[in-house]
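> All I have is the shape, not the residue letters:
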């Protein structure tokens with residue numbers, strides 16, 4: 001009897017140890033495989049490393065192993081805890097079960113959870129390669145696969161599932177927070193952070209936000225000669241100019257400076273510019289800039305006219321405008337560097353009315369709404385609800401915005417002043 005009892009206890013101990021080893025393996029597999037990206041797995045497979053191909057298959061199809069692995073973990077935990085309780089009860093009686101359960105929690109957490117997962121976090125590549133082939137064999141075991149699929153189907157009876165989540169697992173704001181932390185830790189340089197932020201914001205930028213507005217466009221009248229059109233191109237430093245009837249807003253095409261130069265050299269300077277026009281592309285003002293830039297690359301054009309919802313010309317956009325959203329202002333020998341934001345001697349700011357509200361918010365820490373307006377001038381105009389006279393202003397959250405310079409109905413310059421807290425308190429935006 002004693003020998004049988006000892007044999008039973010040894011079998012229980014052996015079963016607990018085997019299950020503990022399985023749980024350690026599953027913890028490494030769960031954490032290691034989840035921390036390997038698809039490009040990294042493909043790179044390891046291309047290098048011909050052991051288990052590289054198996055790792056690539058698992059990473060490419062996470063649904064093929066996640067459910068089976070979690071089922072193995074759950075079954076092993078339940079059986080291991082049960083065996084531990086039986087062993088503790090046989091050895092120490094009723095109170096032994098309580099002590100055994102507490103001890104099992106400690107042992108299980110340290111050995112089967114914390115240690116293997118910490119190892120996988122510190123050495124994800126080594127851990128993933130180590131468990132790739134055994135995991136592939138485990139999840140290929142038909143009974144395990146059948147049971148896990150049946151349990152998922154049973155779950156879907158109560159809660160309709162949509163399959164394994166494919167992402168995005170991190171929102172844009174969370175990613176920006178990670179980048180900010182990396183800058184503070186010295187991992188990412190300040191310039192790299194600005195580029196990353198530009199790339200993230202690039203996908204949300206539309207043509208209307210970066211285009212040259214219609215009043216600022218340099219255009220050529222269709223009655224102009226080649227010489228007159230070339231003079232305009234050289235004066236403003238542009239290689240392409242739209243030819244349009246300004247009265248009817250009718251665009252005939254684009255005049256390329258190189259075509260005009262060639263005609264001028266041949267003695268055709270007196271010919272009408274309409275004889276040398278090229279096709280012009282039109283895009284809606286809400287077109288995403290990232291898609292527009294791809295189209296410009298694919299179809300090999302550098303300039304497009306932006307039309308509003310009524311078909312009227314709203315402005316023009318160039319490939320350079322798109323690139324500047326990523327890398328910042330590109331200044332060439334023809335550009336006049338007029339600062340958009342000027343700090344005055346009294347501490348106020350003189351700001352170009354055409355500055356984007358998002359850029360102003362970033363520069364000064366203001367919180368102007370950008371749902372209804374794209375520019376600072378548009379914000380002042382829209383808030384006042386009439387064409388302002390020079391000197392009229394609005395107040396918004398502690399900042400006073402004054403129309404400092406007008407050009408007809410357009411606000412050219414805005415003076416921005418920090419209001420005294422006592423003056424702003426309880427003040428509504430007003431004239």
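That came in fine, so what should we check first? Only a predicted model underlies this, so the values are computations on that prediction, with no experimental measurement involved.

> C-alpha only now, for contacts and for neighbours.
Fine.

> what residues are up against residue 241?
Counting by Cα atoms under 8 Å, 6 or more residues apart in numbering, residue 241 makes contact with 218, 219, 220, 233, 254, 255, 256, 257.

> For the helix or strand encompassing it, list every residue counted as buried.
Assigned by DSSP states H and E, residue 241 belongs to strand 240-245. Neighbour-count burial for strand 240-245, with 16 or more other Cα atoms under 10 Å as criterion, is recorded at 240, 241, 242, 243, 244.

> Could you tell me the average pLDDT over the helix or strand containing residue 381, please?
Assigned by DSSP H and E, residue 381 belongs to helix 376-384. In this model, helix 376-384 has an average pLDDT of 91.

> List the contacts of it.
Outside helix 376-384, the residues that touch it by Cα under 8 Å, 6+ apart are 352-357, 360, 373, 387-388, 393-394, 401-403, 410-414, 429-431.

> just to revisit the earlier point, can you list which of the contacts of residue 241 are found in strands?
254, 255, 256 (DSSP state E).

> Of these, just say which sits nearest to residue 296.
Ranked by distance to residue 296 (Cα to Cα), the ones in strands among the contacts of residue 241 are led by residue 254 at 15.4 Å.

> Quickly note the distance from the closest one to residue 215.
18 Å (Cα to Cα, to the nearest Å).

> These two: which is more packed in?
Taking other Cα atoms under 10 Å, residue 254 and residue 215 do not tie; residue 254 has more neighbours (23 against 9).

> Can you tell me how far the more buried one is from residue 301?
Counting by Cα to Cα, the gap from residue 254 to residue 301 is 11 Å.

> swap in residue 215?
23 Å.

> how about the strands in the chain?
Going by DSSP E, the chain shows strands at 212-213, 240-245, 250-256, 277-278, 281-284, 303-307, 313-318, 341-343, 349-352, 393-396, 399-407, 410-418.

> mind listing what the fifth one pairs with, with the direction of each?
With DSSP bridges as the test, strand 281-284 is paired with strand 303-307 (parallel).

> Measure how the partner strand sits relative to strand 313-318, angle-wise.
160 degrees (axes from the mean of the first three to the mean of the last three Cα atoms, to 10 degrees).

> Give me the residues contacting strand 303-307.
Applying Cα under 8 Å, 6+ apart, the set of residues contacting strand 303-307 from outside is 207-208, 211, 240, 280-285, 313-319.

> Which of those residues are buried, as a ChimeraX select command?
A single ChimeraX command is used to select the members of the contacts of strand 303-307 judged buried by 16+ other Cα under 10 Å:
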select :207,208,211,240,280,283,284,285,313,314,315,316,317,318,319
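
> in the stretch 51-200 of the chain, which ranges drop under the pLDDT threshold?
94, 96, 156-172, 174 (pLDDT under 70).

> how near is residue 8 to residue 15?
Using Cα to Cα, residue 8 is found at 10 Å from residue 15.

> wait, I meant residue 380
Distance from residue 380 to residue 15, by Cα to Cα: 76 Å.

> who has more neighbours, these two?
Neighbour comparison, residue 380 and residue 15: the larger count goes to residue 380, with 24 against 16 (by other Cα under 10 Å).

> Let me see the ranges of the helices in the stretch 151-300 of the chain.
Taking DSSP state H, counting those that start in this stretch as the criterion, the stretch 151-300 of the chain carries its helices at 172-184, 190-202, 207-210, 226-236, 257-265, 289-299.

> Would you mind pulling up the elements that the last one packs against?
This points to helix 289-299. helix 319-327 (3 or more Cα pairs under 8 Å, 6 or more residues apart in numbering; DSSP states H and E).

> And the third one, by the same measure?
If you count contacts as 3+ Cα pairs under 8 Å, 6+ apart, helix 207-210 packs onto strand 313-318, helix 319-327.

> which of the ones you listed has the lowest average pLDDT?
Taking the mean pLDDT of the helices and strands packed on helix 207-210, helix 319-327 comes last: a mean of 87.

> Give me the angle between that helix and helix 190-202.
120 degrees.
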